[in-house]
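Engineer: turn this into a model:
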Amino acid sequence: MPDILLEFMAAPGLKGRNAVKGVRIDGELTDNADGGYADDIDQVVFVGSYFMDEVVFYHKSSRTAIFTDPSNVSPQKTPKASRDPY
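Structural biologist: As a prediction, the model looks like this:
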């Protein structure tokens, strides 16, 4: 097996939170995609959530947006289908 360098990146502000205690995080993602995948994937930090920032990815060739789990910022203006049913 070839030597593979793995880096575990996270959304800004996640490192050090109790939710990820004990999880290896080597760095924070930004609005700029890493050179290793920038030709294929764009990314942007989604800010404004009360709880945390998230990173949204866009795969260019398939035109697919990948959302990790962004929180709704304004539940009163959120379409009913996306509100928590519980």
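Engineer: next up, phi/psi of the residue nearest in space to the middle of the chain, please.
Structural biologist: When the chain is reduced to its mean C-alpha position, the nearest residue by CA atoms, centre = their mean turns out to be V55, at 2.6 Å. Phi and psi for V55, reported as degrees, to the nearest 10, are phi -120, psi 130.
Engineer: who touches it in this structure?
Structural biologist: Listed by CB atoms under 8 Å, 6 or more residues apart in numbering, the contact set of V55 reads A11, L29, Q43, V44, V45, F46, T68. Any C-beta I mention is one placed from the backbone N, CA and C, and that applies to glycine too.
Engineer: which among those gets closest to S61?
Structural biologist: Q43 (15.2 Å; CB to CB).
Engineer: in helices, which of the contacts of V55 fall?
Structural biologist: Judged by DSSP state H, the contacts of V55 include no members of helices.
Engineer: just the buried ones out of those residues, please.
Structural biologist: A11, L29, Q43, V45, F46 (16 or more other CB atoms under 10 Å).
Engineer: for the closest residue to G27 other than its chain neighbours, grab phi and psi.
Structural biologist: Of all residues not flanking G27 in the chain, M9 sits nearest, at 5.3 Å (CB to CB, 6 or more residues apart in numbering). M9 adopts backbone torsions of phi -100, psi 150, taken as degrees, to the nearest 10.
Engineer: verify the stated contact: M9 with E28.
Structural biologist: Yes. Counting by CB atoms under 8 Å, E28 is a contact partner of M9 at 6.7 Å.
Engineer: and for these two, which residues touch both?
Structural biologist: With CB under 8 Å, 6+ apart, M9 and E28 have no common neighbours.
Engineer: confidence-wise, which of the contacts of V55 comes last?
Structural biologist: Among these, T68 carries the lowest pLDDT, at 72.
Engineer: tell me who's in contact with that one.
Structural biologist: Contacts for T68 were tallied using CB under 8 Å, 6+ apart; they are A11, E54, V55, V56.
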